[in-house]
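Engineer: generate a structure from the sequence data that follows.
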Amino acid sequence: MEENSNQIKENKNAELKPDAKQDDKPKKKSSLVKKGLSLSVLTLFSRILGLLRQMTQAKFLGTTALSDAFGVAFQIPNLFRRLFAENSISVAFIPTFKGYLEDIKTQDGKKKAQDFVSATFTLVTFATVIFVTAGIILTPLILKIYYKKADLDSMLEATVLTRIMFPYLVVISIAAFLQGILNGMKIFSPSGFTPILFNAIVIGTTYILAPHMKNPARAMATGVIIGGSVQALFQVPFVLKNKWSLRLTSLKKSFSNPGTRKVLSLIGPTILGMAAYQLNDIVSSALATRTGEGIYSSLSYSLRLQELILGICAVTIGTVILPDLTGFAKKEAWDKFNQMLIQSIRIMAFIAIPVTFYSLCMDRSLIALLFQTGRFDEQSIEMTVQVFRCHIAGLYFIALNRIVAPAFYAQQDTLSPTIAGLVNFAVNMSLAIILAKIMGGLGIALALTVASGANTVLLFVFLRKNKNVAVKNLVADTLLYTFRMIVFSVAASLPVMLLRENILRIFEGHGRLISQGFPILITAIIFGFIGIVLMFVTRDPLLKNISEKIMGKIRRKTK
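Structural biologist: Got it, this is the predicted structure:
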């Protein structure tokens with residue numbers, strides 16, 4: 001709000017100070033960059049704590065039927081959270097709220113905006129409470145999707161855990177709504193910090209309550225509810241500080257409010273697209289729990305590690321390039337658009353392919369280092385390693401999808417990635433159903449990797465619809481650079497494979513931080529050194545570009 005008023009004053013004085021606007025642009029850009037970096041750091045820290053939360057689950061629950069029950073119970077409110085809360089806020093609420101903010105300077109505009117906030121708050125609260133109440137009552141019927149009749153004991157425990165955690169949907173939906181208000185006003189840090197609080201509370205609550213409850217899963221479930229509530233409550237002071245009140249209004253006013261009606265009209269079509277992704281998770285999870293004990297948990301641990309790696313390399317890059325791609329598309333600066341897309345894909349190949357090969361070389365050590373404690377025994381390690389190999393093989397495809405999809409959004413094309421996503425779903429489900437019977441958990445993981453590859457191919461095909469996008473050059477450059485990274489990664493992997501057992505033998509017999517951590521550190525240095533030398537010798541264009549930028553910054557600082 002203060003930034004807006006300052007900008008108005010500067011505009012009024014533009015004639016007296018002709019350079020005011022020009023001076024303000026770098027400041028704004030710098031401010032946005034700082035906010036982006038701050039949010040990236042918070043996101044990374046949150047993902048690390050998310051991994052620690054998964055490690056806590058591994059310690060207390062391992063890959064047991066109880067761990068599967070907790071995973072399924074936590075997934076159910078999470079699925080609806082992604083479908084309704086996150087989707088509605090990002091696609092519908094924030095754009096509508098920003099429209100109200102443009103007219104907020106007048107008293108009437110402020111009142112309309114507050115009415116919209118109150119109406120939406122009422123709608124979110126009412127809808128989620130009704131939905132959760134129905135969900136708690138129908139929990140046994142919902143869980144029949146996941147469990148066979150023979151698994152009665154596991155299903156009963158999953159019913160208790162689901163009923164404990166179902167109200168999480170209410171508090172996390174309110175938290176998402178509050179985040180929408182703050183993000184709409186370009187305030188990101190409070191919302192970015194709440195997942196850190198959530199993960200820390202779940203971890204702490206599990207350790208504190210586990211000895212005093214029937215089983216550790218119930219302690220962890222209690223932590224989920226407390227953590228979700230804190231996520232919502234933590235943001236309230238920031239919303240109130242910016243002069244927005246959180247009051248309930250009548251349902252009649254809520255449904256008749258023009259803003260909420262617009263929100264409802266916007267979220268309708270997107271829910272259908274999102275539903276396919278969520279159905280994907282439901283079917284995969286149901287197949288896993290029905291295939292055998294511990295399979296769901298091993299898939300969950302494997303995916304958590306893959307998501308951490310993906311979050312570090314792909315999500316941040318995809319988020320950063322979207323505004324620039326959008327700007328280039330609007331200005332029809334297609335040469336810059338194509339150049340940025342090619343450069344982003346190269347960066348992704350530079351990160352994701354070597355990480356994939358190194359992870360395959362040291363998969364067992366990585367899993368043991370992160371999860372081997374408490375009830376996560378040798379059998380759990382073996383189960384998780386097997387599915388992790390199939391998951392990590394698809395890392396590059398998933399990473400590419402996170403880079404190429406923004407190219408469509410930048411052109412206001414949401415249909416093409418949605419169609420690609422639906423094909424992804426169809427391929428994944430078909431293969432998972434077939435391969436789960438033959439290969440168990442490996443089949444479910446492999447199906448996801450193949451489907452991600454199909455999604456990548458389709459996205460590149462759909463890019464041909466815009467003649468301004470140099471698809472042939474893009475595909476040729478992607479294939480060539482991918483091949484280059486594969487060759488370098490294979491060359492870097494060979495000495496790691498040859499030396500791995502000897503290095504592990506040197507440190508064996510100590511705690512896992514030493515017996516697994518030191519070999520991972522040493523082999524990573526060997527792998528990275530060989531890879532960089534090969535890129536330097538072959539004068540890799542990306543490495544050259546990065547080194548020139550670093551040297552340029554050093555020269556500017558030394559002047």
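Engineer: now do the host helix or strand of residue 183, average pLDDT.
Structural biologist: Per DSSP states H and E: residue 183 is located in helix 168-184. For helix 168-184, mean pLDDT is 91.
Engineer: what's it packed up against?
Structural biologist: With contacts defined as 3 or more C-beta pairs under 8 Å, 6 or more residues apart in numbering; DSSP states H and E, helix 168-184 has these neighbours: helix 65-80, helix 94-102, helix 107-137, helix 189-209, helix 216-241. Just so you know, the C-beta spots here come from the backbone N, C-alpha and C atoms, and that holds for glycine as well.
Engineer: ranking the ones you listed by burial, who's on top?
Structural biologist: helix 65-80 (a mean of 24; mean count of other C-beta atoms under 10 Å).
Engineer: run the angle between that helix and helix 168-184 for me.
Structural biologist: Between helix 65-80 and helix 168-184, the angle comes out at 50 degrees (axes from the mean of the first three to the mean of the last three C-alpha atoms, to 10 degrees).
Engineer: list the contacts for residue 338?
Structural biologist: 469, 470, 473, 474 (C-beta atoms under 8 Å, 6 or more residues apart in numbering).
Engineer: do the same with residue 485
Structural biologist: When contacts are counted by C-beta under 8 Å, 6+ apart, residue 485 touches 349, 350, 353, 354.
Engineer: before we move on, what about residue 291?
Structural biologist: Contacts for residue 291 (C-beta under 8 Å, 6+ apart) come out as 436, 440, 441, 444.
Engineer: among those residues, name the ones in helices.
Structural biologist: Members of the contacts of residue 291 lying in helices (criterion: DSSP state H): 436, 441, 444.
Engineer: per-residue confidence for the last one?
Structural biologist: Meaning residue 444. Looking at residue 444, its pLDDT reads 91.
Engineer: surely it and residue 435 touch.
Structural biologist: Yes: assessed by C-beta atoms under 8 Å, residue 444 is found in contact with residue 435 at 7.0 Å.
Engineer: now stretch 425-436: how far from the chain's centre is it?
Structural biologist: 23 Å (C-alpha atoms, centre = their mean, to the nearest Å).
Engineer: list the buried residues for that stretch?
Structural biologist: 425, 427, 428, 429, 431, 432, 435, 436 (16 or more other C-beta atoms under 10 Å).
Engineer: any weak-confidence spans in the stretch 151-300 of the chain?
Structural biologist: Scanning the stretch 151-300 of the chain for pLDDT under 70 picks out 268-278.
Engineer: average pLDDT for stretch 353-366?
Structural biologist: On average, stretch 353-366 scores 93.
Engineer: next, the buried residues of that stretch.
Structural biologist: Buried residues in stretch 353-366, counted by 16+ other C-beta under 10 Å: 353-359, 361-366.
Engineer: and of the residues you listed, the nearest to residue 104?
Structural biologist: residue 355 (45.6 Å; C-beta to C-beta).
Engineer: isn't the closest one up against residue 309?
Structural biologist: Yes: between residue 355 and residue 309 there is a contact under C-beta under 8 Å: 5.9 Å.
Engineer: spit out the residues that contact the two alike.
Structural biologist: With C-beta under 8 Å, 6+ apart, residue 355 and residue 309 have common neighbours residue 395.
Engineer: mind listing which of the buried residues of stretch 353-366 are in helices?
Structural biologist: 353, 354, 355, 356, 357, 358, 359, 361, 363, 364, 365, 366.
Engineer: gap between the strand or helix carrying residue 255 and the chain center?
Structural biologist: Residue 255 belongs to helix 251-256 when elements are defined using DSSP H and E. Offset of helix 251-256 from its chain centre (C-alpha atoms, centre = their mean): 34 Å.
Engineer: touching that helix from outside, list them.
Structural biologist: The contact list for helix 251-256 (C-beta under 8 Å, 6+ apart) reads 115, 119, 120, 122, 123, 126, 260, 261.
Engineer: tell me which residues of that helix are tucked away?
Structural biologist: Buried residues in helix 251-256 (16+ other C-beta under 10 Å): residue 254.
Engineer: try stretch 444-459
Structural biologist: 444-456, 458-459.
Engineer: show me the contact partners of that stretch.
Structural biologist: Applying C-beta under 8 Å, 6+ apart, the external contacts of stretch 444-459 come out as 284, 287-288, 291, 295, 299, 302, 387-388, 390-391, 393-394, 397-398, 400-401, 404-405, 408, 416-417, 419-421, 423-425, 427-432, 435-436, 439.
Engineer: with stretch 43-55 instead?
Structural biologist: 192, 195-196, 199-200, 202-203, 300-301, 304-305, 307-308, 311-312, 315-316, 370-371, 373.
Engineer: ok, stretch 349-365 next?
Structural biologist: The contact list for stretch 349-365 (C-beta under 8 Å, 6+ apart) reads 309, 313-314, 366, 381, 385, 388-389, 392-393, 395-396, 399-400, 478, 481-482, 485-486, 488-490, 492-493, 496-497, 500, 504, 516, 519-520, 523-524, 527-528, 531, 542.
Engineer: one more time with 7 Å, if that's ok
Structural biologist: For stretch 349-365, the external contacting residues (C-beta atoms under 7 Å, 6 or more residues apart in numbering) are 309, 313, 366, 381, 385, 388-389, 392-393, 395-396, 399, 481-482, 485-486, 489-490, 492-493, 496-497, 500, 516, 519-520, 523-524, 527, 531, 542.
Engineer: any quick ChimeraX command for the buried ones out of the residues you listed?
Structural biologist: Command for ChimeraX that selects the buried part of the contacts of stretch 349-365, burial taken from 16+ other C-beta under 10 Å:
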select :309,313,366,381,385,388,389,392,393,395,396,399,481,482,485,486,489,492,493,496,500,516,519,520,523,527,531,542
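Engineer: in helices, which of the contacts of stretch 349-365 fall?
Structural biologist: Reading helices off the contacts of stretch 349-365 with DSSP H, I get 309, 366, 381, 385, 388-389, 392, 395-396, 399, 481-482, 485-486, 489-490, 492-493, 496-497, 500, 519-520, 523-524, 527, 531, 542.
Engineer: mind telling me what element residue 244 is part of?
Structural biologist: Under DSSP H and E, no helix or strand contains residue 244.
Engineer: doesn't residue 116 make contact with it?
Structural biologist: No: taking C-beta atoms under 7 Å as the definition, residue 244 is not a contact partner of residue 116, at 10.4 Å.
Engineer: what do those two both touch?
Structural biologist: Common contacts of residue 244 and residue 116 (C-beta under 7 Å, 6+ apart): none found.
Engineer: identify each buried residue in stretch 255-263, please.
Structural biologist: Neighbour counts over stretch 255-263 (16+ other C-beta under 10 Å) mark 257, 259, 260, 262, 263 as buried.
Engineer: please name the nearest non-neighbouring residue to the last one.
Structural biologist: Think residue 263. Nearest non-adjacent residue to residue 263, counting by C-beta to C-beta, 6 or more residues apart in numbering: residue 92, 4.3 Å away.
Engineer: what's near enough to touch that neighbour?
Structural biologist: Neighbouring residues of residue 92 by C-beta under 7 Å, 6+ apart: 263, 266, 267.
Engineer: export those to CSV and append columns for secondary structure.
Structural biologist: Formatted as CSV, the contacts of residue 92 follow (DSSP: H, G, I helix; E, B strand; the rest coil):
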residue, secondary structure
263, helix
266, helix
267, helix
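Engineer: of the residues you listed, which is the nearest to residue 219?
Structural biologist: The nearest member of the contacts of residue 92 to residue 219, counting by C-beta to C-beta, is residue 267 at 35.3 Å.
Engineer: that closest one and residue 96, how far apart?
Structural biologist: Look at residue 267 and residue 96: by C-beta to C-beta, to the nearest Å, they are 10 Å apart.
Engineer: got the phi/psi numbers for residue 215?
Structural biologist: When read as degrees, to the nearest 10, the backbone of residue 215 gives phi -150, psi 160.
Engineer: count the residues that sit near it.
Structural biologist: Residues lying near residue 215 (other C-beta atoms under 10 Å) number 18.
Engineer: how near is it to residue 181?
Structural biologist: Between residue 215 and residue 181 the computed distance is 38 Å (C-beta to C-beta).
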